[in-house]
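Student: Kindly return the folded structure for what I paste below:
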Amino acid sequence: MHSPLTWASAFAATVLVLSACGGSTSADTATHPSAAPTSPAASGAGEDEDESTADLAEHHRHHHHGGFAMFIAMSLDTIGTTPEQAQAIGQVQADMFRALEPAHDAERAVLEQLADAVASGKVDRAKTDEGIARVAAAARETQGAIADSLNRLHAALTPPQRAALVGKLGAHYEVWHHVNADEDHNRIARLADQLGLTAAQTEKIRADYDAALRDVPPFARDHAEQYLQTFGGAFTNDSFDAASLGAGGDVNAELAMWGLTRLARLYEAAAPTLTTPQAARLADIIRAHAHYQHSQGGTP
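Tutor: Modelled structure (predicted):
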């Protein structure tokens with residue numbers, strides 16, 4: 001795989017790939033409108049990020065439960081199906097989202113717990129990490145749960161559509177990685193914009209966030225990229241068996257645990273420094289993300 005993209009090129013590539021074969025990136029999102037960025041400063045992207053890519057980025061900042069299984073399911077909204085294919089592929093997508101529900105429910109429980117903790121002014125790390133471990137365990141199981149759906153999907157798509165899906169999967173991954181790793185320094189700026197933090201609050205949260213991340217290992221990007229290569233090579237072949245994908249479950253678990261852990265550490269760092277109204281606002285934002293619903297063909 002190629003090296004990490006810059007912010008501008010990552011979103012330019014994502015718009016191009018996710019818009020190929022019809023559709024728009026806005027159909028790939030599933031995030032709560034009230035939690036979306038309200039300004040270029042909040043998004044960290046300025047003119048390079050339009051509304052649809054901002055929504056996509058916001059989704060990938062806050063939702064990690066399904067890993068690549070979720071990226072595949074989201075990509076089906078813009079795969080460019082014919083009328084004859086639409087019903088079969090729509091059923092595959094519905095089945096995939098259904099298979100993601102246990103991980104989605106586990107993530108919702110973590111976010112609800114974090115919302116309550118932020119409102120109270122203190123996050124219990126041990127309790128949060130237990131919940132994140134449950135999300136990772138559920139994410140690991142999604143690979144087997146979607147195997148039949150992947151096989152049916154391969155059979156329903158033409159070779160160009162299979163190649164397009166692989167491209168969309170890679171584009172989703174690039175955005176997920178960018179907003180959770182490459183753009184990590186912007187997390188505090190986004191929080192400051194959303195909550196109206198003072199300069200002193202912002203610096204305190206930044207220092208506490210850096211300290212909270214010391215026990216979080218780097219993301220295993222090589223594992224994810226190897227899976228992308230394996231999936232891409234297998235799915236674009238004339239014959240395909242999802243059972244051959246091997247480590248996909250472990251990679252899904254890694255994405256879920258790493259992404260959610262960093263998000264939780266951010267809220268842990270912020271909670272003690274916020275005023276009561278700021279804490280209430282952040283708790284509302286977290287709950288909005290907790291209660292989003294997957295939807296076919298657009299945002300809920």
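
Student: Show me what whichever strand or helix holds D193 is packed up against.
Tutor: Using DSSP states H and E, D193 sits within helix 187-195. When contacts are defined as 3 or more Cβ pairs under 8 Å, 6 or more residues apart in numbering; DSSP states H and E, helix 187-195 packs onto helix 40-43, helix 199-212, helix 248-270, helix 276-290. C-beta here means a position set from N, CA and C on the backbone, and glycine is covered the same way.

Student: try 6 Å this time
Tutor: The contact analysis (3 or more Cβ pairs under 6 Å, 6 or more residues apart in numbering; DSSP states H and E) places helix 187-195 against helix 40-43, helix 199-212, helix 276-290.

Student: Show me what counts as buried in the helix or strand that contains E84.
Tutor: E84 belongs to helix 83-99 when assigned by DSSP H and E. For helix 83-99, the neighbour count (16 or more other Cβ atoms under 10 Å) marks I89, V92, Q93, D95, M96, F97, A99 as buried.

Student: correct me, but the fifth one touches A73?
Tutor: Okay, so that is M96. Yes - look at M96 against A73 with Cβ atoms under 6 Å: they come within range, at 4.1 Å.

Student: rewinding a little: out of the helices and strands packed on helix 187-195, which comes closest to G259?
Tutor: Among those, the nearest to G259 by Cβ to Cβ is helix 276-290 (12.5 Å).

Student: Return the list of helices and strands in contact with that closest one.
Tutor: Against helix 276-290 (3+ Cβ pairs under 6 Å, 6+ apart) you get helix 101-120, helix 187-195.

Student: returning to what we had before: got the angle for the helix holding D193 vs helix 199-212?
Tutor: With axes from the mean of the first three to the mean of the last three Cα atoms, to 10 degrees defining the directions, helix 187-195 sits at 140 degrees from helix 199-212.

Student: what distance separates helix 187-195 from the middle of the whole chain?
Tutor: Remark: helix 187-195 is offset 19 Å from the chain centroid, using Cα atoms, centre = their mean, to the nearest Å.

Student: hang on, the earlier thing: other residues contacting the helix holding E84?
Tutor: For helix 83-99, contacts defined as Cβ atoms under 6 Å, 6 or more residues apart in numbering pick out A73, L76, T81, T142, A145, I146, S149, R152, L153, A156, H294, Q296.

Student: send the alpha carbons of it over as CSV?
Tutor: Taking Å, rounded to 0.1, in the frame of the first residue of the first chain, the C-alpha atoms of helix 83-99 are listed here in CSV:
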residue,chain,number,x,y,z
PRO,A,83,-31.7,-2.2,-11.6
GLU,A,84,-31.3,-6.0,-11.9
GLN,A,85,-28.6,-6.1,-9.3
ALA,A,86,-30.2,-3.6,-6.8
GLN,A,87,-32.4,-6.0,-4.9
ALA,A,88,-29.7,-8.6,-4.4
ILE,A,89,-27.0,-6.1,-3.4
GLY,A,90,-29.4,-4.3,-1.1
GLN,A,91,-30.1,-7.5,0.7
VAL,A,92,-26.4,-8.2,1.1
GLN,A,93,-25.9,-4.7,2.6
ALA,A,94,-28.8,-5.2,5.0
ASP,A,95,-27.4,-8.6,6.0
MET,A,96,-24.0,-7.1,6.6
PHE,A,97,-25.3,-4.3,8.8
ARG,A,98,-27.3,-6.9,10.7
ALA,A,99,-24.1,-8.8,11.3
